[in-house]
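[1] Show me how the following folds:
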Amino acid sequence: MRILFFGDVVGRPGRDIVAKRIGALRKSVGADAVVLNGENAAGGVGITPRICQEFFDLGVDVITLGNHAWDKREIATYIDEEPRLIRPINFPPGTPGYGYHVVKRGGKPVMAVVQAHGRVYSPLLFDDPFRLLEEVVERLRQITPVIVVDFHGEATSEKVALGWFLDGRVSAVFGTHTHVQTADEVILPGGTAYLTDVGMCGPWISVIGTERSLVLERFLTQRPVRLEVAQGPAILSAVVVEVDPDTGRATAIQRILERETGQKDLDGFPGN
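    Okay, the predicted model is just below:
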């Protein structure tokens, strides 16, 4: 089984490049399922029901969120009605929505997707992601051996630690949130595919998707500046993992990084 996972989609540029490339990418990598982080899809903060439906119409099986889960107020009611949209499992009890979703094919469970949020450097008071994931993963393993975890967080150390913590218990741990793709993809000894951050799908002539001049003004003046999604050519960041559907063990992992110019990341680099 092959699973295609898209990094944080940022604003209209991110949505557009995903719409342009998802069909061809799904075919070229032979993806059987698609997961996408959409917490920045609506103007850079949050997501709307309409945008969710656009992604589902493109063939996305599960949309994950993050710290901007509730930035669009209508999501608080929509998420209870749409199980394919999940938020971090370690929000406080009573939070709307669900922290995981089981994907089925022909009525048979084939994959579970779980999301948690890191606590290091987070201004939000999340519950312990390690213990909650340990608990829910144990339950999900009774349903399907194929489990993908989206760990949304700032600190690389916390993400790496979670990868080792879940090694052998889940198929993949993919980090999201920083919008910068890391180059540490690996299959851990227990059979878990790991990548610290998948990166973003959004405007690359920017500061992690945001208009450069506004970010620079904020850094240079230390004054509050309203940030906006940048425009222009986009970058697409994703990862594909191959998993044994009987054991849940990952057998291959590959990063995907494309710029809207059509060039690969190192095309034109001296010596290439």
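[2] List the contacts of Arg223.
    Contact analysis of Arg223 by C-beta atoms under 8 Å, 6 or more residues apart in numbering lists Glu217. Every C-beta, even on glycine, is put in place using the N, C-alpha and C of the backbone.
[3] what kind of secondary structure is it in?
    What DSSP: H, G, I helix; E, B strand; the rest coil gives for Arg223 is coil.
[4] next one: phi and psi at it?
    For Arg223, the backbone dihedrals are phi -110, psi 150 (criterion: degrees, to the nearest 10).
[5] ditto for the one 10 residues further on
    With angles defined as degrees, to the nearest 10, Pro233 sits at phi -60, psi 150.
[6] can you check Tyr194 too?
    phi -140, psi 140.
[7] residues near it, how many?
    By other C-beta atoms under 10 Å, 26 other residues sit near Tyr194.
[8] before we move on, which element is the nearest residue to it once chain neighbours are set aside in?
    Leaving aside its chain neighbours, Tyr194 sits nearest to Gly163 (4.1 Å; criterion: C-beta to C-beta, 6 or more residues apart in numbering). Remark: Gly163 resides in helix 156-166, with elements defined by DSSP states H and E.
[9] same question, Leu132
    Element membership of Leu132, judged by DSSP H and E, is helix 129-140.
[10] What's the biggest helix in the chain, counting residues?
    Longest helix in the chain by number of residues, with DSSP state H as the criterion: helix 11-29.
[11] From the rest of the structure, what touches that helix?
    Helix 11-29 is contacted from outside by 2, 4, 6, 8-9, 31, 34, 36, 40-44, 51, 54-55, 58-60, 200-203, 209, 229-236, 238, 240, 254, 256, 258, 260, using C-beta under 8 Å, 6+ apart.
[12] Among the residues you listed, name the buried ones.
    Among these, those classed as buried by 16 or more other C-beta atoms under 10 Å are 2, 4, 6, 8-9, 31, 34, 36, 40-44, 51, 54-55, 60, 200-203, 209, 229-230, 234-236, 238, 240, 256, 258, 260.
[13] hmm, back to that, give me the buried positions along the next helix or strand after the helix holding Gly163.
    For helix 156-166, the following helix or strand on the C-terminal side (DSSP H and E) is strand 172-176. Buried residues in strand 172-176, counted by 16+ other C-beta under 10 Å: Ala172, Val173, Phe174, Gly175, Thr176.
[14] for whatever helix or strand comes next after strand 172-176, packing partners?
    Going down the chain from strand 172-176, the next helix or strand is strand 186-187, by DSSP H and E. Packing partners of strand 186-187 (3 or more C-beta pairs under 8 Å, 6 or more residues apart in numbering; DSSP states H and E): strand 193-195, strand 250-259.
[15] thinking again about what came up before, where strands are concerned, which of the buried ones among the contacts of helix 11-29 count?
    The strands, defined by DSSP state E, take in 2, 4, 6, 8-9, 34, 36, 200-203, 234-236, 238, 240, 256, 258 from the buried ones among the contacts of helix 11-29.
[16] if you average pLDDT over the helix holding Gly163, what comes out?
    Here helix 156-166 scores 98 as its mean pLDDT.
[17] re the thing from before, out of the buried residues of strand 172-176, flag the one nearest to Tyr98.
    Ranked by distance to Tyr98 (C-beta to C-beta), those are led by Thr176 at 17.6 Å.
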